[in-house]
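>>> Below are the sequence and a predicted model for it; my questions follow.
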Amino acid sequence: MSFSLSGLTAYVDEQKIPLITRTLFGSQTGKIFAKQTGIKSSATVKYLNTSAQFLTAGCTWSPSGTTSITNRTLTVANIQVMESLCIKDLNAYYTQTLLRVGDNPSDLPFEQMYSTLKADYIAQQLEIAYWQGATTSWNANLNKFNGFISLIDTAAASVNGNPTGITTGTGIVAGNVIGIFNGVYALIPAQILRAPDTAIFCGTDTFRVYAAAVVAANLYSYTGQTDAQFELTIPGTAIKVIGLDGLTGTNRIFAGRKSNFYIGTDMENEEEMFKMWESVDNGDYRFKADFKAGVQVAIPSELVSFKLV
């Protein structure tokens with residue numbers, strides 16, 4: 001015996017790339033950070049650096065300065081999401097009104113809504129994994145690859161954003177949050193301070209504490225109005241604070257260039273799939289998503305990392 005595939009439909013397969021893109025890059029973090037595609041397993045994030053030494057002009061050739069190329073490995077995980085939906089389960093509820101006449105409906109009545117909702121939910125989970133992922137985690141949605149926090153902490157090369165040693169017992173509260181962000185701002189390396197994509201990233205919970213404190217401080221020249229959703233410019237500076245769901249609950253704050261953070265995937269062949277079909281053999285409707293995802297930072301030394309002690 002073999003599978004009977006004559007009844008298969010390919011509704012979502014035609015929209016494979018849009019839905020995969022919505023899944024991988026639809027979160028807040030996925031929208032603002034650099035992308036590196038075409039990664040089957042791992043690839044290098046390359047960084048070019050150079051120096052220049054001034055010399056007294058003359059007729060002697062005396063070369064100076066060094067140009068170096070460094071790289072960090074971005075490894076992606078193969079991730080799969082599967083679900084089986086039995087259409088007959090809808091018969092006993094009001095959802096029966098959505099079904100076509102007949103005992104063997106061949107399609108999911110709300111497949112467009114379902115597929116969009118599924119893509120958005122996966123994006124939400126990836127948003128958290130991009131930051132909090134750790135291969136040692138007990139959480140199945142977090143242990144597929146190491147996130148930014150794990151990679152930055154392991155590299156141990158970033159600027160300490162908590163030099164005064166604020167403790168977990170004290171936490172980030174209204175009384176110290178402005179000082180914390182001003183301190184992080186003051187520690188941003190000079191070479192990236194003027195970069196247009198330099199920003200400070202925190203959880204949406206920390207962002208709300210900070211925004212409320214700025215308004216309560218009554219700075220007169222500043223109204224407390226955010227520039228965009230969960231974005232606020234530190235008064236007196238050109239640096240934005242951006243609240244991200246992926247950092248919510250971590251009490252971590254990072255400062256750096258958006259272009260220093262990379263999200264990796266493949267998205268160049270049939271290994272990246274997002275589709276639904278009626279499985280005639282199994283009598284259900286099936287969903288399957290296959291994709292690759294991973295993250296990396298190019299230059300950990302150009303980051304400021306705040307962590308309670």
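All right, it came through fine.
>>> Check whether residue 302 really touches residue 195, as I assumed.
No: judged on CB atoms under 8 Å, residue 302 makes no contact with residue 195 at a distance of 9.4 Å. Quick note: C-beta positions are derived from backbone N, CA and C, even for glycine.
>>> These two: who's more crowded?
Counted by other CB atoms under 10 Å, residue 302 and residue 195 do not tie: residue 302 has more neighbours, with 21 against 16.
>>> Please list all residues in contact with the more buried one.
With contact taken as CB atoms under 8 Å, 6 or more residues apart in numbering, residue 302 is in contact with 189, 191-192, 256-257, 260.
>>> what's the answer for residue 85, then?
Residue 85 neighbours (CB under 8 Å, 6+ apart): 108, 284-287.
>>> Which of those sits closest to residue 45?
residue 287 (32.5 Å; CB to CB).
>>> Show me what counts as buried in the helix or strand residue 121 falls within.
Using DSSP states H and E, residue 121 maps to helix 111-132. Under the neighbour-count criterion of 16 or more other CB atoms under 10 Å, helix 111-132 has 111, 114-115, 118-119, 122-132 buried.
>>> count of residues packed around residue 292?
Count around residue 292 with other CB under 10 Å applied: 22.
>>> From the geometric centre of the protein, which residue sits farthest away?
Going by CA atoms, centre = their mean, the residue of the chain most distant from its centre is residue 59, 53.4 Å out.
>>> Wait, a strand at that one?
No: under the criterion used here (DSSP: H, G, I helix; E, B strand; the rest coil), residue 59 is coil, not part of a strand.
>>> that older thread, who wins for most neighbours among the contacts of residue 85?
That'd be residue 108 among the contacts of residue 85, by other CB under 10 Å, with 24 neighbours.
>>> rewinding a little: any chance of the contacts of residue 302 in CSV with secondary structure and neighbour count as columns?
Listed next are the contacts of residue 302 as CSV, based on DSSP: H, G, I helix; E, B strand; the rest coil; neighbours: other CB atoms under 10 Å:
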residue, secondary structure, neighbour count
189, coil, 18
191, helix, 10
192, helix, 18
256, strand, 29
257, strand, 22
260, helix, 22
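>>> Of the residues you listed, just say which sits nearest to residue 151.
When those are ranked by distance to residue 151 (CB to CB), residue 260 comes first, at 11.5 Å.
>>> didn't the closest one look like it was pressed against residue 298?
Yes: counting by CB under 8 Å, residue 298 is a contact partner of residue 260 at 5.2 Å.
>>> follow-up on the earlier one: which one of the buried residues of helix 111-132 is nearest to residue 45?
Looking across those and measuring by CB to CB, the closest to residue 45 is residue 130, at 14.8 Å.
>>> so where's the stretch 1-150 of the chain uncertain?
1-18, 46-51, 65-70, 87-111 (pLDDT under 70).
>>> Can you check which residues contact both of residue 302 and residue 195?
Shared contacts of residue 302 and residue 195, counting by CB under 8 Å, 6+ apart, come down to residue 257.
>>> what are the phi and psi values for the residue farthest from the centre of the chain?
Backbone torsions for residue 59, taken as degrees, to the nearest 10, come to phi -90, psi 0.
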